[in-house]
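J.: no letters, just coordinates:
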C-alpha cells in the first residue's frame, strides 16, 4: 500500500488536469454552432475525475460500471479516429499520430476498471490508506505491465515534441489571421483538434489556453500517473 500522502498528491494533479481541460472546453465554446468539439479535452476531463477517485476514495464519483461504459465509448471513438488517420498516413498514425496516445489512455482506463479484483462500495477504493486496507489489484498483470510500458513510451514521445509545440504556439500568437484557417482545416480533417484556437478569441490568451502544448502537458502528467497506478496494482 503506497503512503496516503503520495496518492493524494497525484489525485490533486489529476484534479488539476481536469480543471485545465474544463477551462479549455469553456474557451473553445463547443456549444456554438459550427464550433469544433475538442474530444481530447472531454477525455482528459473524464479521466482526471476518474483517476482522482481511484487514487483517493473521498473523490470517488461514479460506480465502476459507469466508468466502464464511459471509457468503452472513448476507446471506440479514438480507435475510429486512429483508423481514419491510418488510412491517410499509414503506420505513422500508430507510432506518432495525434489520437494514438488518447486511444492508449482510454483503453488503459477501461482495462483498469474491468480488471479490478478488489474494490469497495460503489467504486474503486483509494489506493493510499492505512494498514489493514486491501490494496486494489488487477487481473492479467502482464497486460497491465504492457499498458504501462506503452504509456511511458507515449509520454517520452510527447516530451520530445514539446519544443515543437512551443514554436507552433509562438507562430500562432504572432499570426492571429491564420486562426480561422486552422479551424477550417480541422473541419476538413487536415489538422488535429487540440491545436485549434478560435478566431474570436484573443490571440495571446487563446493561443496559450488552447495550444497543443497544454494538451501534451496534460497528457504527459496523466500518462505517467496512469503508468504508476498500473505498476502499483500489478
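T.: Received the coordinates, thanks. Just so we're clear, the structure is a prediction, and the values are computed from it rather than from any experiment.

J.: quick one: buried residues of stretch 13-22?
T.: The neighbour-count check on stretch 13-22 (16 or more other Cβ atoms under 10 Å) flags 13, 14, 15, 17, 18, 20, 21, 22 as buried. The way it works is simple: take the backbone N, C-alpha and C, and place the C-beta from them, glycine included.

J.: how about the fourth one: what's its closest non-neighbour residue?
T.: The spatially closest residue to residue 17, leaving aside those adjacent along the chain, is residue 48, at 4.2 Å (Cβ to Cβ, 6 or more residues apart in numbering).

J.: one more: the last one?
T.: Take residue 22 and drop its neighbours on the chain: the residue closest to it by Cβ to Cβ, 6+ apart is residue 45, 5.6 Å away.

J.: again, but for residue 12
T.: That would be residue 52: by Cβ to Cβ, 6+ apart, it lies 7.9 Å from residue 12.

J.: may I ask you to confirm that the one you found is in contact with residue 59?
T.: Yes - between residue 52 and residue 59 there is a contact under Cβ atoms under 8 Å: 4.4 Å.

J.: so the two - more neighbours on which side?
T.: residue 52 (26 against 19; other Cβ atoms under 10 Å).

J.: what strand or helix carries the more buried one?
T.: Using DSSP states H and E, residue 52 maps to helix 39-55.

J.: sorry, back to before: for residue 234, see how far away the residue nearest to residue 12 is.
T.: 21 Å (Cβ to Cβ, to the nearest Å).

J.: for residue 63, same thing?
T.: 24 Å.

J.: one more: residue 213?
T.: For residue 213 relative to residue 234 (Cβ to Cβ), the value is 32 Å.

J.: was I right about residue 154 contacting residue 102?
T.: No - the criterion here is Cβ under 8 Å, and residue 154 misses it with residue 102 at 9.4 Å.

J.: and the nearest residue in space to residue 217 that is not next to it in sequence, how many neighbours?
T.: Nearest residue to residue 217, sequence neighbours excluded (Cβ to Cβ, 6+ apart): residue 162, at 7.5 Å. Counted with other Cβ under 10 Å, the neighbours of residue 162 add up to 14.

J.: show me what contacts residue 162?
T.: When contacts are counted by Cβ atoms under 8 Å, 6 or more residues apart in numbering, residue 162 touches 213, 216, 217.
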